[in-house]
Each structure stands twice: as C-alpha cells, then as structure tokens.
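>>> heads up, no residue letters with this:
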DNA sequence: ACTGTATATGCAAACTATTGCATAACTGCC
DNA sequence: GGCAGTTATGCAATAGTTTGCATATACAGT
C-alpha cells in the first residue's frame, strides 16, 4: 500500500498531526496521492501500532488539542526498503475522458463546462507549483540529493498541468466548433 | 461508478464478450480506466441484472464458448444521463513519484531502473497511439461528432505520454549526476 | 505425451477508498 | 445569544479494487 508510505514520506522532515497531513496532502504530495482525513487518521493509528510511527499529545490553547506523529527508526528503515521495491503502476482513472468517448451535440455544452472548470483548477495548481519552484527549487543543481528528488516530482506536476491545459484549450475549441454547427442547425430549424 | 460506464461506453459500437472487453481495456479506453477481468465479468452480470445490457451465448468451434453483451435502450439512456452529470476528479496515484520524495544516493540506481522501465512502456504506448491516430484520426475535422470526442481522448493520451517521456529523460539525467557523484565519493574512499 | 500459451469465465477473501454521520473547542460576525 | 466557519478527531456502512485461486477447451511446439 502506498498511502502508508506516502504518509511516512510526508513525515520525513516534520512531525505532523492528522489534520496537518490532510491539508498537506491537498498540495505537494497530494498531486500523486490523494486521501481523505478518515483514511489518514486510520493509517496513522495503524502505523503507530506497527511501531513505524510514534505519537505525542499536544495540548493547544485556543484550538482543540492535537496528536502529532513522527517517524521511528523502524519507520525510516521500512520506508527505505519500500522505495527499493517494485512500483505498481496504478493507472489513472478519470471520468471525464471516458465521457469524451460519448461526445454528441447534446452533451458538448456540458463537457465544455466541465472542461473550463477543470482548466481553472489546473491553472491554479500550476501557479502554485510554479511559485514553489521559484521560491525553493530555482537552482536544482545546488540542492541536497533528496530535495532534488522532490524537485523532479514538482517538475512532473508542472509539466502535467501544462500539458492538460494545452489539451483543454484545443478540446474547448473543437467543442465550440460542434456547438456552432449544432446551433446553426437549430436556428435553421427554428425558421 | 465509472467502471460500469466505461464498459457501456466500450459497447457503444460493438457487442463484446468479457474477454474482448478485458483486452480492449488494455488499449484505448484503458488509458483512462483500467480494470481486471474479474471486475469486468462481475460488472457485466450486474449491468445485465439492471437491464442496461443484454447478453447472448455464442457457441464457438475451436475455442471455448463465449457470452457477448450489448447495450439495451435503457443502457444507452443511462449512459447519456451519466455523461451529463458531474465528473469526480479521481486523482491519479503513482507510487513512483512518492518514491522520488525519498531520493538518496542509496536508492538513485533503483529509481533510475524503474524510470527506464517506465519510459519503455510509455514509448510503446505512444507508438501505438500514434499509429491509431494516423490510421483513423488523421483529419479530425471531417469525423462524425462522437469520433471527434474519441480523437480528443486519444490526443490527451498522446500528449500525456510525450510529457512523461520528456520528463523521464530529464529525471534520468539528474539521477545519473547523483550516481556519478556517489561513484566518485566511493572510488575516492576506496583509494 | 508434456508444456506453454491463448481463449473464456468465475468465486472468495483481503484490502483500499468513499460517504455519511458524529463530536467538540473555539473564533468571528451580526 | 445564535450561527457559520475552522481546527481536530473518529466510527460505521458501503462501494470499489486487487489478489489468489479455480476451471475448461484447444492449438502449437518439443
């Protein structure tokens, strides 16, 4: 399972609570592995039971108390071993592309809307990643080894967003063409 | 659930058996939705129970008999309605990128190997998609509407592969740099 | 004859993910 | 004083996926 390993990876540098992990999974690492808070809290308890994480209760003023987790030596060791194993190629699953196989004059407008929405999300994410890149990864050659790995992942995220954005523009243009054709037929029929 | 809808989508034009669907899921549609044969056979039976598919037993000589499935009118209707609903953005999950967050001199060689393997797979897939494009989608403007949707999906697959390939090359170069540094340190230490 | 590969289908257990609901402390706003 | 929003954690049911196993026919090569 990679959720456990993704969580341990997020804890490599910082000791974090479930809540903080949930939010950090929305940004950087989350591009490659999404998880809900229910999954994360459960995984944290499991990993602690296995001795790969240790927890500490942190009372807070002005906020509910929290539990922060950190890697144990066993956890670090297990993570290193996991990296050396085979990756399973979990293919991406995306409703929207399947929908494109069903394109018709009737649903082109709907797909166009979904595309615009998706494009806005990708734009926002791309902007975020580019900010991170400029601030923290401007000169990858000078970074310590592990940071260079994170740089590569970030770069993959950036490239991926860019590709999707360019595709979305093309797709929107093509859909608009279909909508115009259909519109023309409709107004002709309306006469 | 999109597996059911992906299956119905694959049956839009053709009546197929579970086995044929399993194989077709390895190619075109499979880029956006992977499924094992166990999943597919079960989904087919469920969809038939719901009246969205109909089946027919086809005795074969020289091969085991098979059951082929086709969309019913209710199935076509359900599929059209599904397309008009919201897509859930199932984020992609990929072990390998998580592993890059753990990059070290110790695992760089391993990640490099995985990368090369991945690149070979992407290359093969890209070649396949480009052949399909040339043969069947060379002039997208002249295609019927639904085929234009499939063209867009295919294009997304092509772009995606190209992006990953370009990234993999960069990543390999960076990893080779790390391996050389580590190699240098080792030979220095060996003296 | 034996082995491997392809065709063709399926069950059952284990694992992973989603959805709905629940609790509780505190902040800021009207 | 009430209500919405954020922080913080969790249970339980359902849905979906993977893995391991199982069966059976037939062809091609050794």
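Nice, thanks for sending it over. Only a predicted model underlies this, so the values are computations on that prediction, with no experimental measurement involved.
>>> packing partners of the lengthiest helix in chain A?
When chain A is parsed with DSSP state H, its longest helix is helix A:145-190. In terms of contacts (3 or more CB pairs under 8 Å, 6 or more residues apart in numbering or on different chains; DSSP states H and E), helix A:145-190 is packed against helix A:108-136, helix B:95-100, helix B:145-190. Any C-beta I mention is one placed from the backbone N, CA and C, and that applies to glycine too.
>>> can you lay out these as a markdown table showing mean neighbour count and distance to DNA strand C?
Compiled in a markdown table, the helices and strands packed on helix A:145-190 are given as follows (neighbours: other CB atoms under 10 Å in any protein chain shown; distance: least, CB to the nearest atom of the strand, whole Å):
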| stretch | mean neighbour count | distance to DNA strand C |
| --- | --- | --- |
| helix A:108-136 | 15 | 16 |
| helix B:95-100 | 24 | 11 |
| helix B:145-190 | 17 | 20 |
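>>> pipe these into CSV and attach distance to residue A:98 per row.
Output for the helices and strands packed on helix A:145-190, formatted as CSV (distance: least, CB to CB, whole Å):
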stretch, distance to residue A:98
helix A:108-136, 11
helix B:95-100, 23
helix B:145-190, 8
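>>> follow-up on the earlier one: and the angle from the longest helix of chain A to helix A:108-136?
160 degrees (axes from the mean of the first three to the mean of the last three CA atoms, to 10 degrees).
>>> what mean pLDDT does helix A:145-190 get?
Across helix A:145-190, pLDDT averages out at 90.
>>> the residue lying closest to residue A:72 once chain neighbours are set aside: what's it in contact with?
Of all residues not flanking residue A:72 in the chain, residue A:54 sits nearest, at 5.2 Å (CB to CB, 6 or more residues apart in numbering or on different chains). Residue A:54 makes contact with A:48, A:69-72, according to CB atoms under 8 Å, 6 or more residues apart in numbering or on different chains.
>>> shouldn't residue A:54 be within a helix?
No - counting by DSSP: H, G, I helix; E, B strand; the rest coil, residue A:54 is located in no helix; its state is strand.
>>> buried ones among the contacts of residue A:54?
Those of the contacts of residue A:54 that meet the buried threshold are A:48, A:69, A:71-72, by 16 or more other CB atoms under 10 Å in any protein chain shown.
>>> could I get the residues you listed in CSV, plus columns for pLDDT, distance to DNA strand D and secondary structure?
Formatted as CSV, the buried ones among the contacts of residue A:54 follow (pLDDT from 0 to 100; distance: CB to the nearest atom of the strand, whole Å; DSSP: H, G, I helix; E, B strand; the rest coil):
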residue, pLDDT, distance to DNA strand D, secondary structure
A:48, 96, 10, helix
A:69, 97, 8, strand
A:71, 97, 16, strand
A:72, 97, 18, coil
